[in-house]
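K.L.:
this one's sequence-less:
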């Protein structure tokens, strides 16, 4: 089973077309904008060597019975679901950013359940194909990108109504060997750090959109795939010659637009083709699993942010002020509320037909809807505690300047005795979370990742049995059914 | 095992000193202010006959191996903890009010763990005594009142510093047969519906307050106990000759001040006597269990309130307006967030030394802190949907008046075809929850029951490992320990 | 000019058909459910004798030049608008409830502007008639009820689409002497304390609903008018023999349904008849003035509630705890934010065609939308500070009982030295605001009075110039108009 | 009177020691990190030529009677105070960032009142000196930096208790010509764009800290002053060769640390020297004026952000979705609530002894406390509307690439017919506000500028007359003073 350095080495061998800020990247894995994000994924391999996390990072494959990395595992119990969340919190704590591997895991689980149903109902070998791919992923300990979100063009229109039919990814041709697809997938977190790209449709499709109801997996360097790296706040600090102002010195995130320029996919890797009736449930399950995920990973990042605020309070001499303590408690409270949601939708998971455990869909959506709110408030409170220096701090390079370095050290000293560097580095870390590259993951991705808040509201409305609640009220109010007509 | 009607019959036989609104009540169980609250407790017996709830309402005694009502059960697994929450949600849905039986259950579990530790550490037979009492409660299927909150006098002072030493309940005498105690316990929900009163201290005590570190159980009609019923909003509607304006036609709450006027307690029922070192952990555990409880019962009441709002929206012709749907989704979201907290602190429960499962203390406190907020917002949204008629509606007796009855029916008609009574009864039910007697339970008790919000914040601060979070941040910021000095 | 006792005496002479809880009231002004609300109105007369408030309570009539009570004044400057808000805050502070006189004032001002426009545009003598009525009101120092809200039936349908055409008040007949109207007006705060009823339409009307576009004034005891008093939370405490549990010992609110059972109105008092094009602007102006009002009166009530919470904190020994101080600051902050909105929409008022000053409509709606939120949070914080005793306190009559009175006094003592009655009365006052009759005014009326929150949102959307904001953004983003096509 | 280009030309002539990211800047005004911030200040000159804003941008000097730029004016009426807020909102709308000139204006007004009092009370010529300086500023139409915030070191200690006495700026020497000061001022927004630096103390000082109670003005290029530019999120995008990803193409912010390295100040420019009793009131007034300011400028920036979100909704085809409309209304509502606070504290301003109008201190602090909250929520809602592309969008340079440019244009197309550039530029503008350099001003500066939230809470607690509120409550509860003892 692959380990961390083999992982990075393997990625370097891929022959991909990658564009970064207007240029074709010769060696993308060595690009300073990419490296920290690969390092975050590599943590998911390095944990394999830490015995204290054995129970979290390993699972037993239901296919082969072999010990596998949990990020390739199909959940066979609520305990598996709970451990997933705990593993995510741990990695969020360790990397302080998105470690990118959940999206593939969530895609695998959603496909496992849905291909089973399609094979059962339609007699098509989707599940067999999927299981062969799954076993390969497990054996290789591979990273998969789960690619769902289409560009969508005019969001008021369905796929076939768009001015350009390619604004949702679709099957444009088909022959005995396989299918050809065209389109793009946006917001692909960690795309460059993946061995496989798993494509799924983005919506419940209707008959007239059946060409869009397609799911498959391909090697990350299959011909026809183009990657364009997205920008992030303060991204170029990773490029600056001096690392001082980066904040998080080791890890970072990454977002790509992936273009599928008439990509050919052999049938063996096609898991859904024009099965529009199954498109909606695949989306709902993937989204459900991924909304659960946020109850783990963002909580872990939240832990680091709370820690950064608490450390700054100490360095600046305010850790005993009652209003500071109160804000820290509030941050913890909000963060743990998210964790409660992650745990609850896992503990209340239920068995799907394929033998796999699905999270409780209502609670997973409740989880994610809270994630679209609380991290913003946690970040706001962190900025409150940090003080204005957060956005007025000179470059840490100034500290090394022979004339002004000593002056800066004199005037930016906090509590006497605390190394001035601690304060300044911690401010940069906190800035990274609230206004820097990690804010893209901790805030904006918390808003839109796994679906924007309105998507969660729609599922909550559908999953909550409002009629049952009405009947409860009618009973206590003494309203009998006879009175209704 | 006792059933519902035997339960009520049994309570009537008790010979207690009960004062209601300035008068000694001859037959308190028949008093209209008390009856609806006893009916709510009786539901916990009636569920025993409903096979669909068998798994929730019954458990197996770890003492006798016999099937017992779960409200007398000591939790032996996280599954037991989760079932407790589900049972509470169910009963909240069925009664729309506090069904009063959790407080005793929570007291039993907290005492089971703590008496075990005291007997193990101190060699005093507290656990033996407790287990004999517990078995009796299980065999009788008895209702216990868990009495913790002292009047407290000047809240800035410790027990022994109070001007009147009785403002916290204490041991005033002791002999070979037992102890004599004096003091009072406030906010005793459902006190009049209990067979036993279990007294616990209200604070972690210090050496100088050791007389206050006392816990015991007594029969509800033991001589020396005086009950004084508290008032609640709109309580006298239960007394009015016509039931129409009550809102909840069947169930209600109850709060008493219990005065212990030199009550004698035999040693056999004394579970803690002057063990001030164990007082804090008993309080923390009872509070923890009780804070978990609110993640079940208040969610159930929330379900009814949401149902009432949804029904009113329908009766009034606005159920399809997007802002109404959005408010209902928000209410559901908040309510399910509370449920997530209830489930999570249960699923993450851990084994105590006695073999009993304790909830996760951090998450249980997070649960309760959310309960001090979300029901208020749910109630606000319910009032928004209900419309102003909620507080301007004439008495439902006016509807029966021969002259104005027909006029009222004409002018208060909502959507054509819906029986006018549905709308008006539903408004009264919703009023009951947000401004009437159930508001005392759904709002104010959500605030202060099981400890006021500040109590939860203190535990959250203590339970969250802030140093661990600081270390996480320091690692990512590249701050080594060498830099700290 | 009438004073307070003349005012009450005058009301007693009215011969009205008033129903209270299913019975025709012989002497409504002496009914204990009505008296406290009349006392609140009477305060608006008594202020006339307090020289320190002269500038607030008096204004100079623009018709007669005479000194009049400001509650009958047409605003002639932004200073008048600001003084109105200050007078309202003062009276909210003095009565702790709704003093009911603003609704008439707001109706007078909205009609003054709109009748002017109708007379100018249509040549109908609406303004002349209105001014004669206005002068009478000013000379008499009369109380007017401004009656706008129709029962509305199915809220998804326009007036003429209702199953019963009378669910909105309408002109059913017309002759040379005047018109006959039929319908009802709901939520009429203080209806029984008014000399005149001023009726206005409740919506912008279309051509097909022109019979509903009617406005007029009538004597409060005109034949054909029926009043039915609404219930409020804990209303019957006002009836109980002992005043102790009332909370607010002197003042209270009142809500009526008024039925117009084929009421005849002479032309001299008809201010709008089937002018559907002017209906919307009359509604918008009345609502705008009334939404401003809430930035005064509710702030005054909020002051008392904050004071009650602060006093209780003192009586209970927690006034120095930092979390208590922090909650009081938060309550003040929210309350003063409302005041800011009340002041701002007044200070930014603008001149209407008739010479009258209209509030800034956008800001007045912003004001009211905040009023639908902040009082609920202030009330929640007040309950947090008050403690659980708020809903478990025995009847104050129990305090006088010879056996339990002394025990209660012993056990409910707060900080030593503070008279026990202070604490208990203050708890009852706070209960009155958050769960009792004043909660109907401070909370539910804050939600729905002067229009429900969605009504404010609609006006805000219309009044905010979103296109201007888009242009600002386009300019800074460097987007020229050429790029738009 | 100086105009915009003269202004920029003038600044270039200053001979200052400026460090930017570790290097001494030869021509700071031409540095790409500085230029956009000078452009924002220049707008305050350019407005002078726009007749439609004449009333806002010009005022009449109370010293000379001449027409002056309002940013140098001493407020002589509440109308002046209101116009200040309107001018600030206008400039916020025009620049989308901090235009930096208010801080000097607020310093001038606070000093005008306080030097008057010192001269009156102490007989020292502080006011005469100040007025001569003021007239010069008015005549020159100069920009002043108001420098208050000291580095503060250990925030738990007073100035003289710090390990390094220079952590607060202080007088270190004095002779017949003047004084010598040492220390630093942090968070100096727009320092490099100012002609004069006005220094004020940062705290109410006590006797033992009297050396720190010092205020004066100096030329911006006086020897002994060192400027070190702070970093901001995504600041280096301003340096990138291609302007595309900047967001706001024209304007930006700036923050400096200013070090006063034994600076000499002649007596003529010393406005307070060791007058510790007057230090607190100077701080309170400056902070009060500056907290008012935020009710103008941030509202203007909010207008642009709302416009950006509304434009994006249109470009992406969701502008008619009810949840999007609802979010826009909420953003407007919050923004206008801030404006209400800015207007109200101005309209309620009061006359100080010197003849100058001071804002209402309570309401100005309420204003600022809301500013520490609502912009964060407005930004969160803006990110919700914008969609995930906000943080995954490739560099706009990619759009020009010959291979991927056409693909990007194909796949990032929103509503058909809208130029693709509109959408992408608008996303960059919105990113600038919520996560880029403008976020430093719109969010973090909203939190900490003019004092952190806790500072506002302290003033609110002091300014609100809690005793008066308690008396109001006691009156209604029937609690007489006799009962208090």
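P.N.:
Arrived safely. Please read all numbers here as calculations on a predicted model, not as lab measurements.

K.L.:
gap between residue A:31 and residue C:173?
P.N.:
84 Å (CB to CB, to the nearest Å). All C-beta atoms are positioned from the backbone trio N, CA, C, and that covers glycine.

K.L.:
of those two, which one has the most company?
P.N.:
residue A:31 (19 against 11; other CB atoms under 10 Å in any protein chain shown).

K.L.:
is it true that the more buried one touches residue A:23?
P.N.:
No. At 9.8 Å, residue A:31 and residue A:23 do not qualify as touching, with contact defined as CB atoms under 8 Å.

K.L.:
burial count for the closest residue to residue A:165 other than its chain neighbours?
P.N.:
Nearest residue to residue A:165 in three dimensions, chain neighbours excluded: residue A:159, at 7.3 Å (CB to CB, 6 or more residues apart in numbering or on different chains). Number of residues near residue A:159 (other CB under 10 Å) recorded here: 26.

K.L.:
so where do the helices sit in the stretch 1-150 of chain A?
P.N.:
In the stretch 1-150 of chain A, the helices defined using DSSP state H, counting those that start in this stretch lie at A:4-13, A:35-46, A:54-57, A:78-95, A:102-122, A:126-140.

K.L.:
which one, of these, ends up nearest to chain B?
P.N.:
Chain B lies closest to helix A:78-95 among the helices of the stretch 1-150 of chain A, at 5.1 Å (CB to the nearest CB).

K.L.:
the helices of the stretch 1-150 of chain A: which one's closest to residue C:5?
P.N.:
helix A:78-95 (70.6 Å; CB to CB).

K.L.:
next, the angle helix A:102-122 makes with that closest one.
P.N.:
Relative orientation of helix A:78-95 and helix A:102-122, computed by axes from the mean of the first three to the mean of the last three CA atoms, to 10 degrees: 150 degrees.

K.L.:
so who does the nearest residue to residue A:209 once chain neighbours are set aside touch?
P.N.:
Spatial nearest neighbour of residue A:209, chain neighbours left out: residue A:159 (4.6 Å); criterion: CB to CB, 6+ apart. Neighbouring residues of residue A:159 by CB atoms under 8 Å, 6 or more residues apart in numbering or on different chains: A:150, A:165, A:167, A:168, A:170, A:203, A:205, A:209, A:212.

K.L.:
mind running it again at 10 Å?
P.N.:
Taking CB atoms under 10 Å, 6 or more residues apart in numbering or on different chains, we find residue A:159 in contact with A:150, A:152-153, A:165-170, A:183, A:201-203, A:205-206, A:208-213.

K.L.:
and for residue A:351?
P.N.:
A:76, A:77, A:78, A:357, A:358.

K.L.:
give the PyMOL command for selecting the buried subset of the residues you listed.
P.N.:
Selection of buried members from the contacts of residue A:351 for PyMOL, criterion 16 or more other CB atoms under 10 Å in any protein chain shown:
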select buried, chain A and resi 76+78+357+358
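
K.L.:
ok, and of the contacts of residue A:351, which contact chain C?
P.N.:
Near chain C, taking CB under 10 Å from any CB of the partner chain as the test, no member of the contacts of residue A:351 is found.

K.L.:
ok, so of the contacts of residue A:351, who is nearest residue A:118?
P.N.:
Distance to residue A:118, by CB to CB, is smallest for residue A:358 among the contacts of residue A:351, at 16.0 Å.

K.L.:
that closest one contacts residue A:116, doesn't it?
P.N.:
No. Using CB atoms under 10 Å, residue A:358 makes no contact with residue A:116, being 11.8 Å away.

K.L.:
from the stretch 51-200 of chain A, which residue is nearest to chain C?
P.N.:
Counting by CB to the nearest CB, the stretch 51-200 of chain A gets nearest to chain C through residue A:163 (14.8 Å).

K.L.:
ditto for the stretch 1-150 of chain A
P.N.:
For the stretch 1-150 of chain A, CB to the nearest CB, closest residue to chain C: residue A:22, 18.8 Å.

K.L.:
distance of the residue nearest to that residue when sequence neighbours are not counted relative to residue C:328?
P.N.:
Excluding the flanking residues, the one nearest residue A:22 by CB to CB, 6+ apart is residue D:397, at 3.6 Å. According to CB to CB, residue D:397 stands 55 Å off from residue C:328.

K.L.:
and if you look at residue A:464?
P.N.:
Relative to residue C:328, and taking CB to CB, residue A:464 is found at 37 Å.

K.L.:
just residue A:414 next, same as before
P.N.:
Per CB to CB, residue A:414 is found 31 Å from residue C:328.

K.L.:
and the strand or helix carrying residue A:327 with helix A:78-95, angle?
P.N.:
Element membership of residue A:327 [criterion: DSSP states H and E] is helix A:322-347. Using the same axes, to 10 degrees, the direction of helix A:322-347 lies 140 degrees away from that of helix A:78-95.

K.L.:
does chain C have contacts with helix A:322-347?
P.N.:
Yes. Contact between helix A:322-347 and chain C, assessed by CB under 10 Å from any CB, occurs at A:322, A:323, A:325, A:326.

K.L.:
now restrict those to buried residues only.
P.N.:
Burial by neighbour count, judged by 16+ other CB under 10 Å, picks out A:323, A:325, A:326 from those.

K.L.:
keep only those that also lie close to chain B.
P.N.:
Among these, the residues lying close to chain B (CB under 10 Å from any CB) are A:325, A:326.

K.L.:
by proximity to chain B, which residue of the stretch 1-150 of chain A wins?
P.N.:
Chain B sits closest to residue A:96 of the stretch 1-150 of chain A, with a gap of 4.6 Å, by CB to the nearest CB.

K.L.:
and that residue, how many residues sit next to it?
P.N.:
The tally of other residues near residue A:96 (other CB under 10 Å) stands at 34.

K.L.:
equivalent analysis for residue A:11, please.
P.N.:
Residue A:11 has 22 neighbours, counted by other CB under 10 Å.

K.L.:
what of residue A:172?
P.N.:
16.

K.L.:
against which helices or strands is the one helix or strand it maps to packed?
P.N.:
Assigned by DSSP H and E, residue A:172 falls within strand A:170-174. With contacts taken as 3 or more CB pairs under 10 Å, 6 or more residues apart in numbering or on different chains; DSSP states H and E, strand A:170-174 sits against strand A:178-189, strand A:214-219, strand A:255-266, strand A:270-273.

K.L.:
need those strands in CSV (columns: distance to chain D and mean pLDDT).
P.N.:
Output for these, formatted as CSV (distance: least, CB to the nearest CB, whole Å; pLDDT from 0 to 100):
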stretch, distance to chain D, mean pLDDT
strand A:178-189, 4, 97
strand A:214-219, 17, 98
strand A:255-266, 4, 98
strand A:270-273, 22, 98
